[in-house]
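Peer 1: model this:
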Amino acid sequence: MESSLSFDQARTAALNEVHAAVAAVFPAGYKLADDFVPQLPCTDVSDRPTGQVHASVSFWVDSIDRTRNNAYFDALARWWTDNGWKLEVDDRPKDLFMNARRDDYLMGMQATPEGRLNIGVDSPCAWPDGTPESKS
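Peer 2: Alright, predicted model coming up:
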């Protein structure tokens, strides 16, 4: 097996992507509230743990006008297109949910029934320190 990004590098990259997206999509004054996501283990095709983990980050977007949620989704879709992301799912108007992928990172945004928005990114699988664990 070859080395990959470390967990910390993957998490930093995921955070950078979220911050770039929200800065482009939401008007000044928005606030991000951390929506804790535990470190998620990666599994192989047989659903066995590989020793790698996904770095996931997720935030609630507060201090925005929730009546403009559709416009925020449209702006995020444009930002994705302009920044090399490929839209995978857009469940609007049934559900306010969509996601896109770039370089094995998956970014998604969804709204609760009350209109609160959550945006997050999952990284590709990464070894905790960037190299496979030895099998000694």
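Peer 1: helices along the chain, start to end?
Peer 2: Using DSSP state H, the helices of the chain run over residues 7-25, 69-82.
Peer 1: measure A20 to L32 for me?
Peer 2: For A20, the distance to L32 (C-beta to C-beta, to the nearest Å) stands at 13 Å. No exception for glycine: its C-beta is placed from N, CA and C like everyone else's.
Peer 1: how about low-confidence regions in this protein?
Peer 2: Applying pLDDT under 70 to the chain flags residues 1-3, 133-136.
Peer 1: same thing but at 90, please
Peer 2: Along the chain, segments meeting pLDDT under 90 span 1-7, 36-41, 54, 93-94, 127-136.
Peer 1: quick one, which of A20 and L32 is more surrounded?
Peer 2: Using other C-beta atoms under 10 Å as the criterion, A20 and L32 rank with L32 on top: 17 against 12.
Peer 1: what about the residue nearest to the more buried one when sequence neighbours are not counted, neighbour count?
Peer 2: Computed as C-beta to C-beta, 6 or more residues apart in numbering, the closest residue to L32 that is not its neighbour in sequence is F59, at 4.2 Å. Other residues within reach of F59, judged by other C-beta under 10 Å, total 21.
Peer 1: these two touch, right, F59 and F36?
Peer 2: No. Taking C-beta atoms under 8 Å as the definition, F59 is not a contact partner of F36, at 10.2 Å.
Peer 1: could you check how far the spatially closest residue to D62 that is not a sequence neighbour is from L117?
Peer 2: Closest residue to D62 apart from its sequence neighbours, by C-beta to C-beta, 6+ apart: K31 at 4.5 Å. As for K31, its distance to L117 is 12 Å (criterion: C-beta to C-beta).
Peer 1: for S56, same thing?
Peer 2: 17 Å.
Peer 1: more neighbours: these two, which one.
Peer 2: L117 (23 against 19).
Peer 1: now do the contacts for the residue lying closest to the more buried one once chain neighbours are set aside.
Peer 2: Setting aside the residues directly before and after it, L117 is nearest to V61 in space (C-beta to C-beta, 6+ apart), at 4.4 Å. For V61, the contact set (C-beta atoms under 8 Å, 6 or more residues apart in numbering) comprises 22, 26, 30-32, 72, 116-119.
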